[in-house]
Every structure is written in structure tokens, then in C-alpha cells.
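just to be clear, the model below is a prediction. Sequence and coordinates:
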Amino acid sequence: MIEHERKGIVDAITWRFSRVAMLMPAVLVVIMMYEVFMRYVLERPTVWVTEMSLWMGGWIYLTAGLYSMQQRSHIRITLLYDVVPRWLKRLFNIISVLLIVLWAIATVWGGFNEAWDALINWERFGTAWDPPIPATTQPLILVVMVIVAIQAVSNLFTDWNDDDRPQAVDEFQAEIEELKRAQGVDGMDVDGTGVNNRPEER
């Protein structure tokens, strides 16, 4: 996977947090396999795996959105965006960030009281296992919305002076270049002879 270059402290924090979040799908698969084994092999189904998978799935969904914003891989009409001049791209970026910030403010404004009540009352899911899914997930939604807005503003400033070259790199070509570097094939020499740049081969 080709990841976007990390720029600034906000990118660094989000990227590090995403490393932890990327482990959650693996944990989710393990507990679901455990449930299958317990249910169909031992005939002793659990009471907690279904709720735990819902709980973790919600957290994965939220953190994936944050990581997507950090990677600049959110939805964009590239057919229009890529053909306009740089000043118009900047205008599009400003409008996009303003809309994201307004959306985050509206979400926090409208959902704060409900999320606060769920947290204070430690609202539970109402099942046999009865985990505190609402008490933890509702506040997390608001926290992630705020971080997404901060990340969007950070993207605007850190990418402001980027040139007009396309950000996306063909993944297959990038992997080929990485393999060449790993094998020590650095391309053409300064004199254009194509001789490898490693001193031991000169």
C-alpha cells in the first residue's frame, strides 16, 4: 500500500493512531472465528462475540474515516479537480474544508447532550452481555468528528504550496521502483551510461 507523505504534527499523530486501529480488524476476525468454533464444534455459543464485533466494527469505521482524511483519500471529483488551475484547486480545498468544519460543528452541537447523557449514565446495549456500547461509541463519534475537522484544516495548510503534479502514484509502478532500490538498481549514472551507482560495481 502506498501511503501519503506525512506532513506536520497532526499527520504524525493520526498516522500513529491508525497503526493501532489497523490491528482491530485482525482481532475482530479472531473473535469471530472463536465464536464459529464454539458454536458449531463445541455447541457452546458465546453471549459476547456478536456485541463485541458490533462494538469494534463501529470503532473501525470511525478510525478508517480519520485515516482516510489523513491520507487525502476522501471522495473528490478528480475529473474536475485535476483539470483546473492551481488557484481554483485552492478555492475548492477551502470550500471543502469549510464544509467539513461546519459539518463537525453541527454534529457536535446536535449530538453533545445525547452523548454526554450516554457517558454519564453509562448507557448499555440491553442484551445478555450488555456492554456499554452507547456510552463509549457516542462520545467517540464526536471526538472523531473534531479530529477529522482538525486533520482537514491541517491538510489545507500543509498542502497549500504543493505544485500541480498529481499526488497519486501508480501503485504497481511504485512497487517496481521499490524493488529496484532494494536490489541496488539506481538507474542511469550521471554520465548516462546506465552503470549502477554502487561503488563495488564500478
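Received it, and whenever you're ready, just let me know what you need.

count of neighbours near the spatially closest residue to residue 39 that is not a sequence neighbour?
In space, not counting the residues next to it along the chain, residue 39 is nearest to residue 45; the distance is 4.1 Å by Cβ to Cβ, 6 or more residues apart in numbering. C-beta: built from backbone N, CA, C; applies to glycine. Using other Cβ atoms under 10 Å, residue 45 has 12 neighbouring residues.

at which residues are the helices of this protein located?
Assigned by DSSP state H, the helices in the chain fall at 8-21, 24-40, 49-70, 78-81, 86-120, 133-158, 171-182.

what angle do the fifth one and helix 133-158 make?
In this structure, helix 86-120 runs at an angle of 160 degrees to helix 133-158, with axes from the mean of the first three to the mean of the last three Cα atoms, to 10 degrees as the basis.

now helix 86-120, how far from the centre of its chain.
A distance of 17 Å separates the centroid of the chain from that of helix 86-120, by Cα atoms, centre = their mean, to the nearest Å.

same thing with the second one?
When distances are taken as Cα atoms, centre = their mean, helix 24-40 is centred 24 Å away from the chain's centroid.

what packs against it?
With contacts defined as 3 or more Cβ pairs under 8 Å, 6 or more residues apart in numbering; DSSP states H and E, the secondary structure elements packing on helix 24-40 are helix 49-70.

confirm for me that residue 31 is in contact with residue 52.
Yes. Applying Cβ atoms under 8 Å, one finds residue 31 in contact with residue 52, separated by 6.0 Å.

ok so, going back, of the helices of the chain, which is nearest residue 126?
helix 133-158 (9.2 Å; Cβ to Cβ).

what about the chain, any weak spots by pLDDT?
Residues of the chain meeting the criterion pLDDT under 70: 1-2, 4, 163-175, 185-202.

hmm, 50 instead?
165-169, 188-192, 194-195, 198, 201-202 (pLDDT under 50).

ok, now how distant is the residue lying closest to residue 92 once chain neighbours are set aside from residue 90?
Closest residue to residue 92 in three dimensions, ignoring its sequence neighbours and counting by Cβ to Cβ, 6+ apart: residue 81, at 6.2 Å. Note on residue 81: its distance to residue 90, by Cβ to Cβ, to the nearest Å, is 11 Å.
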